[in-house]
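Student: next one to model:
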Amino acid sequence: MNLEVVILAAGQGTRMYSDIPKVLHDLGGKPLLAHVLAVARSLQAQGIHIVYGHGGEQVRERVDDGSANWVMQEEQLGTAHAVMQALPHVGADTLALVLYGDVPLIQLDTLRRLVLAAGEGTLALLTVELADPRGYGRIIRDSADRVVKIVEEKDASAEELDVKEINTGFLAIPASKLKAWVAGVDNDNAQGEYYLTDVAAAAVREGYGISTCKPNTSWEVVGVNNKAQLAQLERAYQQRRAHALMLQGVTLRDPARFDLRGELEAGRDVVIDANVLMEGKVVLGDGVRIGPNNVIRDSFIGAGTVILPNCVIEESELGKNCQIGPFARLRPGPRVADGAKIGNFVEIKKSDIGAGSKINHLSYVGDTTVGKNVNIGAGTITCNYDGANKYRTIIEDNVFIGSDTQLVAPVTVGEGATIGAGSTIIKDAPAGELTLSRAAQKTRRGWKRPVKKRKP
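Tutor: The predicted structure follows:
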């Protein structure tokens, strides 16, 4: 039987106290709904249908990847009502799987087992036992351990509230039965809503089989209703990712203080210290060492390169055996060749830094091509912007730039040239020569520094 997935993502999320739709809040660097959509795609379903409402087109614009059919729920009248919006798009001869856009950590293995538990004559429910089941609907069984109903907490008796097995909301069922039973759901309950859980009672009435299975961890079925729950799930997500990386051979000095908000590809003998944040796609070569308090985003870092503490590296490509930092900032666009060094309080933007070159202290290099074995002294600035346009600076191989130099682009410093400290270079500097610009030094004898007048 072909599989179709319905993802419920229309909730307003009032307890988030946010103008952002709940399913668009980020977990691990991407929206909650994007996590659910990704696992749905992995099931290779015949169709994926997302029921959305609050946030409207904002939700679609952020998450839509072309793989799903989007269905608007104009009024949020409960889970059964939400499913009802999608059912006209679901084939009657398929198996329907219901997921939730605010339950982001559900795992592929768990959903596969749930799907296998369903089929002709069987409704499959995903349940879990919680020490504290408050806030969840309870699974009620008879003396033969058969599921007889699901009762929402606000409608439960005192005896039913003592039940620890809860309904996660995830279910798999032949679509023909789901269509028939959802059509018969009413809103005669404390909330005045149409509950999807009522299909379990319909299955019992018809003598339909109900099977249950459980997730590998309870975190898989925890939903996000407020910022505290979002933070708890973020920690669970990060712990799981950190554990997986360590099993692959990455050394994390403190797994509890490592955040991966994207994808990391790491070679052998990679060491990552505490308080490191990685975003987007990051690739680390063999033997890379990342010091504490670094942010790395969408970057490639070659084998043997060391990132010292407190750096920000964005959209950068670093060669082998480089040294970066401490306190360096690589803005989008740098390409740093093998063996180069970018030191403390150096900022690089859209520049190529040649092999073996050094920019060790307190410098800004933007829109620049730096050749091989160049030494750029402390306080050097490439003046690449005139207020309207940006221009490029060319520094050829084996150049020495003295400290406190300004290179006013467009300008070229020829191979082997030396620029004297304190110079402002506004014309091309010839290869192999010393170029400098300094005003004559003067001493004003007898000059006195101004002194403040004392108050009477």
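
Student: grab the nearest non-local neighbour of Q406.
Tutor: T424 (4.6 Å; Cβ to Cβ, 6 or more residues apart in numbering). No exception for glycine: its C-beta is placed from N, CA and C like everyone else's.

Student: partners of V312 in the sheet?
Tutor: Counting by DSSP bridges, V312 is bridged to V295, R329.

Student: so who does it touch?
Tutor: Residues near V312 by Cβ atoms under 8 Å, 6 or more residues apart in numbering: N294, V295, A328, R329, L330.

Student: kindly report the same for G223.
Tutor: Y100, D102, V103, Q229.

Student: do G249 as well
Tutor: A266, R268, D269, V270.

Student: of those residues, which belong to strands?
Tutor: A266 (DSSP state E).

Student: need the contacts of G249 in CSV with neighbour count and pLDDT, can you?
Tutor: Formatted as CSV, these follow (neighbours: other Cβ atoms under 10 Å; pLDDT from 0 to 100):
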residue, neighbour count, pLDDT
A266, 22, 98
R268, 12, 98
D269, 15, 98
V270, 22, 98
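
Student: how far is stretch 263-272 from where the chain is centred?
Tutor: Taking Cα atoms, centre = their mean, to the nearest Å, one finds stretch 263-272 lying 18 Å from the centre of the chain it belongs to.

Student: also stretch 67-74?
Tutor: 24 Å.

Student: run the chain-centre distance for stretch 221-236.
Tutor: That offset, for stretch 221-236, works out to 15 Å (Cα atoms, centre = their mean).

Student: ok, now stretch 54-61?
Tutor: 19 Å.

Student: number the chain from 28, please
Tutor: Okay, using 28 as the starting number, the last item reads as stretch 81-88.

Student: could I get the CA-only coordinates of it as PDB?
Tutor: Below are the C-alpha coordinates for stretch 81-88, written out as PDB (Å, rounded to 0.1, in the frame of the first residue of the first chain):
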ATOM      1  CA  HIS A  81      -1.200  30.800  11.200                       C
ATOM      2  CA  GLY A  82       1.500  32.700   9.400                       C
ATOM      3  CA  GLY A  83       0.100  31.800   6.000                       C
ATOM      4  CA  GLU A  84       2.500  32.500   3.100                       C
ATOM      5  CA  GLN A  85       5.300  33.200   5.600                       C
ATOM      6  CA  VAL A  86       5.400  29.500   6.500                       C
ATOM      7  CA  ARG A  87       5.400  28.500   2.800                       C
ATOM      8  CA  GLU A  88       8.100  30.900   1.800                       C
END
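
Student: residues in contact with it?
Tutor: So stretch 81-88 is in contact with 36-40, 47-51, 60, 79, 97, 99, 103, going by Cβ under 8 Å, 6+ apart.

Student: switch the cut-off to 10 Å
Tutor: Applying Cβ atoms under 10 Å, 6 or more residues apart in numbering, the contact partners of stretch 81-88 are 36-41, 46-51, 58, 60, 77, 79-80, 89, 91, 95, 97, 99-100, 103, 128.

Student: of these, which belong to strands?
Tutor: Counting by DSSP E, the contacts of stretch 81-88 contribute A36, P58, I77, Y79, W97, M99 to strands.

Student: just the buried members of the residues you listed?
Tutor: A36, P58, I77, Y79, W97 (16 or more other Cβ atoms under 10 Å).

Student: among the residues you listed, which one sits closest to K347?
Tutor: P58 (36.1 Å; Cβ to Cβ).

Student: list the contacts of the closest one.
Tutor: So P58 contacts 36, 47-52, 64, 86, 89-90, 128, 131 (Cβ under 10 Å, 6+ apart).

Student: roughly how far does it sit from C240?
Tutor: In this view, P58 and C240 are 27 Å apart by Cβ to Cβ, to the nearest Å.

Student: poorly predicted segments of the stretch 328-477 of the chain, please.
Tutor: Applying pLDDT under 70 to the stretch 328-477 of the chain flags no residue at all.

Student: which stretches of it form helices?
Tutor: In the stretch 328-477 of the chain, no segments count as helices under DSSP state H, counting those that start in this stretch.

Student: K377 and V438: what is the separation?
Tutor: Distance from K377 to V438, by Cβ to Cβ: 16 Å.

Student: looking at the two, which is more packed in?
Tutor: V438 (21 against 17; other Cβ atoms under 10 Å).

Student: ok, now how distant is the more buried one from K417?
Tutor: V438 is 13 Å from K417, by Cβ to Cβ.

Student: and E341, by the same measure?
Tutor: Counting by Cβ to Cβ, the gap from E341 to K417 is 18 Å.

Student: which of these two has more neighbours?
Tutor: Per other Cβ under 10 Å, whichever of E341 and K417 has more neighbours is E341, with 18 against 13.

Student: measure the nearest residue to the more buried one once chain neighbours are set aside to V117 for me?
Tutor: Spatially, and ignoring its direct neighbours in sequence, E341 is nearest to R324 (4.6 Å; Cβ to Cβ, 6+ apart). Distance, R324 to V117, using Cβ to Cβ: 40 Å.
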